[in-house]
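K.L.:
Give me a model of this one.
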Amino acid sequence: MGFKYRPMKVRDVCRGLKNLGFKPIKQKATSHQHWIKDVEVNGKNYRYKVTVSTHLAPFQQQLMKSMINQSGVSKHEFYIACGFTC
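P.N.:
Numbers count the residues shown, from 1 in each chain. Modelled structure (predicted):
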């Protein structure tokens, strides 16, 4: 049977981002969390920034796609990092 991509809760997404090496940015009075990760590839520094819209949880596929694209990993890798198994 195939892997099922289901809507996630805020804690699932935050767990996955932490497992992928992201760190939260200090939050001011907002319903959005920002997570960053600095990566060096071939001597160049890249920064990935993921915005988690906590007020829209549970996250549907369109918002999940946006967060996954911001993280720079595949959909499958993101779900595995969040604790979901095949």
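K.L.:
all helices in this structure, in order from the N-terminus.
P.N.:
With DSSP state H as the criterion, the chain has helices at 10-19, 61-71, 75-81.
K.L.:
Please convert these to JSON lines, extending it with mean neighbour count.
P.N.:
Glycine gets a C-beta too; all of them are placed from N, C-alpha and C. Formatted as JSON lines, those follow (neighbours: other Cβ atoms under 10 Å):
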{"stretch": "helix 10-19", "mean neighbour count": "18"}
{"stretch": "helix 61-71", "mean neighbour count": "16"}
{"stretch": "helix 75-81", "mean neighbour count": "18"}
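K.L.:
want to throw those into CSV with distance to Gly43 and mean pLDDT?
P.N.:
Formatted as CSV, those follow (distance: least, Cβ to Cβ, whole Å; pLDDT from 0 to 100):
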stretch, distance to Gly43, mean pLDDT
helix 10-19, 26, 94
helix 61-71, 22, 92
helix 75-81, 24, 92
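K.L.:
Which of these sits closest to His55?
P.N.:
helix 10-19 (9.4 Å; Cβ to Cβ).
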